[in-house]
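Undergrad: okay, here's the prediction I keep looking at, along with the sequence it came from:
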Amino acid sequence: MEPIHDLKTLRSECSPGLPKALMIVPLAFYAGIVISLGLSAFFILSANSADKETVEWKSRESAANSEQSKFKNSSQDIKSVMAKARGVAEWLEACRPLQPLTAATGRSISPDSTIAKMSLDRNPEVPANTALKLELNGDRTSELDSAITTLNGLNYQTRSVQQAKAKSVTNFSTVLVYNEGN
């Protein structure tokens, strides 16, 4: 038997081959596959770098949030210390010395009257308020007006004034409040 080297038969009824211009179709197909593989690799690498950046930004955000909470805590601490300091400052401002009050009240009384008893009591909860109790020996009430005028001159205002007169003794009590504005 004779070996068969060529299995192709010459067929005349077959159509001729593709024109040379259409040979670009398979090349475009293979080029599209290569380009799509390249773009897929690019997108995968971009997604990985975006994931890394997301993790980095989240860590930066958590660091910024913790730093912000530290600042808020220190701000609250500072505000509480300021409130305490303001309270102490107000208390110190309200705790004015009482010696000028006693000296001015003593000087405002005329020699015809005498001070039998005088007390100044400061409320520890509201140190700006000072209770004045005065007992005068004498018949004139103009001494009290003079004392009140003198206290007003020292920027003190009288509140809750009470006055009682019995024979030649006048009892006077009031609450003194210091005026900041004058």
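TA: Here it is on my side, so go on. What you see is a predicted model, and the numbers here were worked out from it, not measured in a lab.

Undergrad: quick one: distance of the strand or helix carrying Gln76 to the chain centre.
TA: Following DSSP states H and E, the helix or strand that holds Gln76 is helix 24-94. In terms of C-alpha atoms, centre = their mean, to the nearest Å, the centre of helix 24-94 is set 24 Å apart from its chain centre.

Undergrad: what of stretch 149-159?
TA: Distance, stretch centre to chain centre, for stretch 149-159: 39 Å (C-alpha atoms, centre = their mean).

Undergrad: buried residues in it, which are they?
TA: Buried residues in stretch 149-159, counted by 16 or more other C-beta atoms under 10 Å: 150-151, 154, 156. Using the backbone N, CA and C atoms, a C-beta is placed for each residue, glycine as well.

Undergrad: out of those, who's nearest Leu22?
TA: Lowest distance from Leu22 to the buried residues of stretch 149-159 (C-beta to C-beta) belongs to Tyr156, with 112.1 Å.

Undergrad: show me how the chain divides into domains.
TA: The chain is divided into the following domains under automatic domain parsing: 22-94, 99-178.

Undergrad: state the mean pLDDT of the longest one.
TA: For domain 99-178, the mean pLDDT works out to 83.

Undergrad: beta partners for Gln162?
TA: Ser173 (DSSP bridges).

Undergrad: burial measure for it, as a count.
TA: Gln162: 10 surrounding residues under other C-beta atoms under 10 Å.

Undergrad: how much space between it and Asp145?
TA: Separation of Gln162 from Asp145 (C-beta to C-beta, to the nearest Å): 15 Å.

Undergrad: next one: Ala128
TA: 24 Å.

Undergrad: host element of Ala103?
TA: Here Ala103 sits within helix 99-108, counting by DSSP H and E.

Undergrad: contact partners for Leu144?
TA: 134, 136, 163, 170, 172 (C-beta atoms under 8 Å, 6 or more residues apart in numbering).

Undergrad: grab the nearest non-local neighbour of the third one.
TA: What it means is Gln163. Once flanking residues are discounted, Gln163 sits nearest to Phe172: 5.1 Å by C-beta to C-beta, 6 or more residues apart in numbering.

Undergrad: next, count neighbours for that neighbour.
TA: For Phe172, the neighbour count with other C-beta under 10 Å is 21.

Undergrad: looking at the domains of the chain, which is nearest to Glu13?
TA: Glu13 sits nearest to domain 22-94 of all these, at 21.4 Å, using C-beta to C-beta.
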